[in-house]
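**Q** Output the structure for:
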Amino acid sequence: MELVQRAAEVAESFVKPLGRRWLHIQAVANRAEELRNAVAPNERATLVAAAWLHDIGYAPEIGHTGFHPLDGARYLHEQGWPETIVHLVAHHSGARFEAEERGLSAELAEFPFEDSPLLDTLVAADLTTGPAGERFDYDERMDEILSRYSPGDPVHRTWTRARPVIAEAVERAERRLAETEPG
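**A** Next up, the predicted model:
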């Protein structure tokens, strides 16, 4: 079965029952399709598959630590998914910053971090898409996330610290995409 189709089916089976989260995942996958030219042609299916799977760790059957990037990556690893997808899920959207806030850096280190066009583009797809699938620019999405968490919450602390670093990843993805567009 084609990688992207398989990823979409797995994501649907675990995340569709979560309602709004499913809307987000579908929109992130669509956004990854729009951004696919920001990565090499042989990486485009990997990007879109990772977009489908990036939040799978929210599913109760998978989520054991309460930290969805780690839980999702562990599940995908156990199921034999390609290493690149597993690592993208583990490290999507500033996960390394939140892992530090939650005392889970050593656990997340099970999966090597690679700063790459693939990761930048997955981050751009995720962080320009709202919780119910709305299209946002990066700053709007950051403001939306921060508005949902009190300043003492690990998620709020994560994004306060990670925001400028992750903005650079989004900018790199957008720049790569612009370089591929004609005219």
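
**Q** Longest helix of this protein, counting residues only.
**A** In the chain, with assignment by DSSP state H, the single longest helix is helix 154-180.

**Q** Which strands or helices does that helix pack on?
**A** Contact here means 3 or more Cβ pairs under 8 Å, 6 or more residues apart in numbering; DSSP states H and E; on that basis helix 154-180 packs against helix 95-101, helix 117-126, helix 138-147. (Each C-beta comes from the backbone N, C-alpha and C, glycine too.)

**Q** Tell me which of those sits most buried.
**A** Comparing those by mean neighbour count (mean count of other Cβ atoms under 10 Å), helix 117-126 ranks first with a mean of 25.

**Q** Quick one: work out the angle between that helix and helix 154-180.
**A** 110 degrees (axes from the mean of the first three to the mean of the last three Cα atoms, to 10 degrees).

**Q** Quick one: work out the angle between helix 117-126 and helix 138-147.
**A** Using the same axes, to 10 degrees, helix 117-126 lies at 70 degrees relative to helix 138-147.

**Q** per-residue confidence at the spatially most central residue of the chain?
**A** The centroid of the chain falls nearest to His92 when counting by Cα atoms, centre = their mean (3.9 Å). On pLDDT, His92 comes in at 97.

**Q** Contact partners for it?
**A** Ala50, His54, Pro69, Leu119, Leu122, Val123, Asp126 (Cβ atoms under 8 Å, 6 or more residues apart in numbering).

**Q** can I get these in a markdown table with distance to Arg36 and pLDDT?
**A** Formatted as a markdown table, the contacts of His92 follow (distance: Cβ to Cβ, whole Å; pLDDT from 0 to 100):
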| residue | distance to Arg36 | pLDDT |
| --- | --- | --- |
| Ala50 | 12 | 98 |
| His54 | 15 | 98 |
| Pro69 | 22 | 98 |
| Leu119 | 14 | 98 |
| Leu122 | 11 | 98 |
| Val123 | 14 | 98 |
| Asp126 | 14 | 98 |
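
**Q** For these, give me JSON lines that also has distance to Val10.
**A** What follows is the contacts of His92, written out as JSON lines (distance: Cβ to Cβ, whole Å):
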{"residue": "Ala50", "distance to Val10": "12"}
{"residue": "His54", "distance to Val10": "12"}
{"residue": "Pro69", "distance to Val10": "16"}
{"residue": "Leu119", "distance to Val10": "20"}
{"residue": "Leu122", "distance to Val10": "17"}
{"residue": "Val123", "distance to Val10": "21"}
{"residue": "Asp126", "distance to Val10": "18"}
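
**Q** Among those residues, which one sits closest to Trp22?
**A** The closest of these to Trp22 turns out to be His54 (Cβ to Cβ; 12.6 Å).
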